[in-house]
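S.K.: next one to model:
(one chain, ligands or ions: 1)
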Amino acid sequence: MLKVVIAGASGRMGQALLEGIFADDELQLHGAIDRADSPRIGHDAGEQFGRVTGVKITADVASALAGADVLVDFTRPEASMEYLAICEKNGVKLVLGTTGFSVEQKQQIATTAQKLAVVFAPNMSVGVTLLINLVQAAAKVLADGYDVEIIEAHHRHKVDAPSGTALRLGEAAASALGRDLQTCAVYGREGVTGERDANTIGFATVRGGDVVGDHTVLFAGIGERVELTHKASSRATFALGALRAAKYLADRQSGLFDMQDVLGLK
Ligand code: NAD
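M.R.: From the prediction side, this is the model:
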């Protein structure tokens, strides 16, 4: 059985991951990590599901990782960067689902993955992984005369914008169009903006209620629009993808992988 540790165990994704592990015979919960000031520290990780797992939620990362195969991390960038270093030191593989990393932090993840096996994807759902491929295919056909805009909606608690998934979709469109997202992205518009520059990729963000995650990539031409949309209705889709990624890492020692690798779409 694959020995899995969950970081952010009391968070929304942490809870979905625990449920996923309990339902999977190939996975064993080996540890559960959360920040030191979490009220759930010291409680059994299965408590909220009426289970006694014997695994207590702890802030002692090194002890939680001792003897583990893989860490599945859905927290915040500052915590994830710390876990990345400890995973490298202890040879524990990493499924990294956190979003909101800076360009420098993403470079550090890529450098560490030269020695450590890491799956890093801002959206672990099968549907969004497929959507990335569909966007690339559409962008190649709609390269001339179509404006690309990305619209995303999430629940009121989300702390980063635009979503990591929206950025990943933007990168997919940009690379298919031979553009660099860092120089062509427009994040929101206000006031007298002037006419739209044909080379830009625009982003619009909606936050509210309990929206799990909606993403639309819009190709707007003259006389027609193509809209590619994904809507997540449950966090289980991300959790199941992340646990699939954990299994994918079992046979790998190093390298940076994404969900296209995990699902064999490359
Ligand atoms: P959440 O706020 O419900 O949970 C975050 C968890 O991380 C909590 O347990 C919290 O205590 C812990 N945490 C926060 N800051 C910490 C710190 N500095 N040190 C240690 N622990 C810390 O958030 P969520 O909705 O579960 O999302 C978590 C992350 O996962 C976000 O970045 C979100 O965008 C991302 N996410 C990714 C995917 C994907 O498929 N890759 C899907 C959903 C969410």
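S.K.: name the residues of the strand or helix carrying Met13 that are buried.
M.R.: When elements are assigned from DSSP states H and E, Met13 belongs to helix 12-22. Of the residues in helix 12-22, Met13, Gly14, Gln15, Ala16, Leu17, Leu18, Glu19, Gly20, Ile21 count as buried by neighbour count, 16 or more other Cβ atoms under 10 Å. In this view, the C-beta of every residue, glycine as well, is placed from N, C-alpha and C.
S.K.: tell me which other helices or strands that helix touches.
M.R.: strand 2-7, strand 27-33, helix 236-249 (3 or more Cβ pairs under 8 Å, 6 or more residues apart in numbering; DSSP states H and E).
S.K.: which of these is buried the deepest?
M.R.: strand 2-7 (a mean of 26; mean count of other Cβ atoms under 10 Å).
S.K.: what sits against the residue of the stretch 151-266 of the chain found nearest the ligand?
M.R.: Per Cβ to the nearest ligand atom, the residue of the stretch 151-266 of the chain with the smallest distance to the ligand is Phe238, at 3.6 Å. By Cβ atoms under 8 Å, 6 or more residues apart in numbering, the residues touching Phe238 are Met13, Ala16, Phe74, Gly97, Asn123, Met124, Ser125, Ala232.
S.K.: what about burial for those, which qualify?
M.R.: In those, the ones that pass as buried (16+ other Cβ under 10 Å) are Met13, Ala16, Phe74, Gly97, Asn123, Met124, Ser125, Ala232.
S.K.: make CSV out of those residues and add secondary structure, distance to Asp180 and pLDDT.
M.R.: Below are those laid out as CSV (DSSP: H, G, I helix; E, B strand; the rest coil; distance: Cβ to Cβ, whole Å; pLDDT from 0 to 100):
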residue, secondary structure, distance to Asp180, pLDDT
Met13, helix, 31, 97
Ala16, helix, 34, 98
Phe74, coil, 29, 98
Gly97, coil, 25, 97
Asn123, coil, 21, 92
Met124, coil, 26, 96
Ser125, coil, 26, 96
Ala232, strand, 28, 96
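S.K.: redo these as CSV? Include distance to the ligand.
M.R.: Formatted as CSV, the buried ones among the contacts of Phe238 follow (distance: Cβ to the nearest ligand atom, whole Å):
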residue, distance to the ligand
Met13, 3
Ala16, 8
Phe74, 4
Gly97, 3
Asn123, 4
Met124, 4
Ser125, 6
Ala232, 8
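S.K.: all good on my end, thank you.
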